[in-house]
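K.L.:
this one's structure only:
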DNA sequence: TCAAAAGTGTTAATAGTACACCCATGA
DNA sequence: TCATGGGTGTACTATTAACACTTTTGA
């Protein structure tokens, strides 16, 4: 079954834009390359696709390797295929963004891969077309946020409304009115009050909330 | 410069979802395959990427070949990379959607490539994962419509407001109130009255409008 | 006692939706 | 003269935005 023998073949990599939320800021996990090409430049975390896996599976494998995490929320950003995007040789990259809980990230891997968290608004210039990838990913991620409750992937299991609000402020780069925000959250039945009060963020303490996916899905079904 | 010699390489194709607007309906240009694999099945129009071109350039080349048109509005839908998506051998496809003016399409190419226009809601089952591609492309295209004036790519240079409305109705699959629609259009200064009256669509005749990209861009700049 | 974050409602402005009739013309 | 598509305005509803003070508590 060799219908296509006359066509050229290409190396395929996947690059991952790993979003985290920490310190009131959106952060990206990037690494300083200790290999060629682009040695000593900052870049996204990536790797090559194997012939035995789908591209999605490759991205999952690489994310697992670089963060220690499985079941990561992940979306494809797109394929990047300019001829000279990789100075080594022709490589086509399929880019993904991922949303992870910074607290779950295995810190030991930072040293192993030369990786650091950097606030997205303070990124250094990145290797090759990686800055373009980040830009596109950020746009897509904002769009997602506007239509689906994906923010929970960036927060701990239980979170305060102030944390949730800060997350949305970081994602959109705006400030949001506290009362309007809480009014809206209050109508989202899938954001549920756990009854637990957390004292780590303030003296008075704040109620912890949690995302209830079951309720969310039920609610979605009603819309059809 | 062979840093990557140990990694596998892949065939890359691009598949094009070609949207047209005709007869009050959104239509797709698809072809009946007269080659293997998937002979006699319906599929999108596609082709392989050459080593001397970017993926975008490959898509443009293929669109030119299959429609006779250049300067086509085109957006990447994404990469499709399941292992067995092509029954022949492993092929990764980067999918694009394109918006074209049906009137500009070179009809002779229909016969050459076994292509036909089919209303998007009446598509037959398609080869491989092409139906999934169409679904994703349709979603993305709707999103685009909601945020940017891209509909003009599907209409003749000059068009009536009824045509424009029918286009939006076809894209969203809803019916729109005529007065509300015209009120909104009236506020979009980049949709300009040409003063010309067209008598082909009615006895009374309807005013022809035109998209003014210069005004649109100016207006965009104000928003920054 | 005071600094620091948590929590709480009302009003005004804006955007969106519903709705029905007359007009101009060619056949 | 009449059938066909073209064109027009107003009232209601829903959504979004603006805005300031009290509460709790540990240091």
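P.N.:
The structure has been received and is ready for your questions. In this text, all values refer to a predicted model and were calculated from it rather than measured experimentally. Numbering: from 1, shown residues only, chains lettered A, B, ... in the order given.

K.L.:
can you give me the domain boundaries for chain A?
P.N.:
As given by automatic domain parsing, the domain ranges for chain A are A:11-148, A:155-219.

K.L.:
those into a markdown table, with extra columns for mean neighbour count and distance to DNA strand C?
P.N.:
For every residue, glycine as well, the C-beta is placed using N, CA and C. Shown next, in a markdown table, are these (neighbours: other CB atoms under 10 Å in any protein chain shown; distance: least, CB to the nearest atom of the strand, whole Å):
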| stretch | mean neighbour count | distance to DNA strand C |
| --- | --- | --- |
| domain A:11-148 | 18 | 11 |
| domain A:155-219 | 14 | 3 |
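
K.L.:
so how far is the longest helix seen in chain A off the chain centroid?
P.N.:
Longest helix in chain A, counting residues (DSSP state H): helix A:130-147. The gap between where helix A:130-147 is centred and where its chain is centred comes out at 9 Å by CA atoms, centre = their mean, to the nearest Å.

K.L.:
what residues does the helix or strand just after it touch?
P.N.:
For helix A:130-147, the following helix or strand on the C-terminal side (DSSP states H and E) is strand A:158-160. The contact list for strand A:158-160, computed with CB atoms under 8 Å, 6 or more residues apart in numbering or on different chains, reads A:152, A:194, A:196, A:198, A:201, A:206, A:207, A:208, A:209, A:210.

K.L.:
could you say which helix or strand holds the last one?
P.N.:
By that I understand residue A:210. Taking DSSP H and E as the criterion, residue A:210 maps to strand A:206-211.

K.L.:
the helix or strand following that strand and chain B in contact?
P.N.:
Next in sequence after strand A:206-211, counting helices and strands by DSSP H and E, comes helix A:213-222. No: counting by CB under 8 Å from any CB of the partner chain, chain B is not contacted by helix A:213-222; separation bottoms out at 15.7 Å.

K.L.:
so residue A:78 sits against residue B:80, correct?
P.N.:
No: taking contacts as CB atoms under 8 Å, residue A:78 lies outside contact range of residue B:80: 11.5 Å.

K.L.:
and residue A:24, how close does it get to residue A:107?
P.N.:
From residue A:24 over to residue A:107 the distance is 20 Å, taken as CB to CB, to the nearest Å.

K.L.:
can you give me the strands for chain A?
P.N.:
A:9-22, A:25-32, A:42-43, A:45-48, A:73-80, A:91-99, A:115-119, A:158-160, A:191-198, A:206-211 (DSSP state E).

K.L.:
nearest to residue A:143, out of the ones you listed?
P.N.:
strand A:73-80 (10.1 Å; CB to CB).

K.L.:
for that closest one, give me every contacting residue.
P.N.:
Contacts to strand A:73-80, defined as CB under 8 Å, 6+ apart, come from residues A:15, A:17, A:55-56, A:59-60, A:63, A:92-100, A:129, A:132-133, A:136-137, A:140-141, A:144, A:150, A:153, B:55, B:76, B:78-79, B:94.

K.L.:
ok so, going back, what's the closest of the domains of chain A to residue B:67?
P.N.:
Nearest to residue B:67 among the domains of chain A is domain A:11-148 (21.4 Å), distances taken as CB to CB.

K.L.:
average pLDDT for the closest one?
P.N.:
Domain A:11-148 shows a mean pLDDT of 96 in the predicted model.

K.L.:
close to DNA strand D, is that domain?
P.N.:
No: residues of domain A:11-148 are not located near DNA strand D by CB under 7 Å from any atom of the strand, the shortest gap being 10.2 Å.

K.L.:
could you give the separation of that domain from the chain centroid?
P.N.:
Worked out by CA atoms, centre = their mean, domain A:11-148 lies 8 Å from the chain centre.

K.L.:
first-to-last residue distance for it?
P.N.:
Criterion CA to CA, to the nearest Å; first-to-last residue distance in domain A:11-148 is 34 Å.

K.L.:
outside of stretch A:22-31, which residues touch it?
P.N.:
Stretch A:22-31 has contacts (CB under 8 Å, 6+ apart) with A:17-21, A:42-45, A:66-67, A:102, A:105, A:113-121, A:123, A:126, A:134, A:166, A:170-171.

K.L.:
7 Å instead?
P.N.:
With contacts defined as CB atoms under 7 Å, 6 or more residues apart in numbering or on different chains, stretch A:22-31 is touched by A:17-21, A:42-45, A:102, A:113-120, A:123, A:126, A:134, A:166, A:170-171.

K.L.:
and of the contacts of strand A:158-160, the nearest to DNA strand D?
P.N.:
Distance to DNA strand D across those (CB to the nearest atom of the strand) is lowest for residue A:206, with 10.3 Å.

K.L.:
around chain B, which positions in chain A sit nearby?
P.N.:
Chain A has residues A:1-4, A:7-12, A:36-37, A:48, A:50-51, A:54-55, A:76, A:78-79, A:81-83, A:88-90, A:92, A:94 near chain B, with proximity defined as CB under 7 Å from any CB of the partner chain.

K.L.:
still on that earlier bit, which of the contacts of strand A:158-160 sits closest to residue A:161?
P.N.:
Of all the contacts of strand A:158-160, residue A:209 has the smallest distance to residue A:161: 6.3 Å, by CB to CB.

K.L.:
is the closest one in a bridge, and if so with what?
P.N.:
With DSSP bridges applied, residue A:209 shows beta-bridge pairing to residue A:159, residue A:193.

K.L.:
ok, now which ones touch it?
P.N.:
Counting by CB under 7 Å, 6+ apart, residue A:209 makes contact with A:158, A:159, A:161, A:191, A:192, A:193, A:194.

K.L.:
same thing with residue A:154?
P.N.:
Residue A:154 neighbours (CB under 7 Å, 6+ apart): A:19, A:20, A:21, A:99, A:101, A:167.

K.L.:
surely residue A:211 meets residue A:190?
P.N.:
Yes: contact between residue A:211 and residue A:190 holds when scored by CB atoms under 7 Å: they sit 6.4 Å apart.

K.L.:
joint contacts of these two?
P.N.:
The contact lists of residue A:211 and residue A:190 share residue A:149, where a contact means CB under 7 Å, 6+ apart.

K.L.:
quick one: contacts of stretch A:48-65?
P.N.:
By CB under 7 Å, 6+ apart, stretch A:48-65 touches A:11-14, A:16, A:45-47, A:69-70, A:72, A:74, A:94, A:96, A:98, B:7-8, B:79, B:81-83, B:90, B:92.

K.L.:
can I get the contacts of strand A:158-160 in a markdown table including pLDDT?
P.N.:
Listed next are these as a markdown table, based on pLDDT from 0 to 100:
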| residue | pLDDT |
| --- | --- |
| A:152 | 97 |
| A:194 | 97 |
| A:196 | 97 |
| A:198 | 96 |
| A:201 | 93 |
| A:206 | 98 |
| A:207 | 98 |
| A:208 | 98 |
| A:209 | 98 |
| A:210 | 98 |
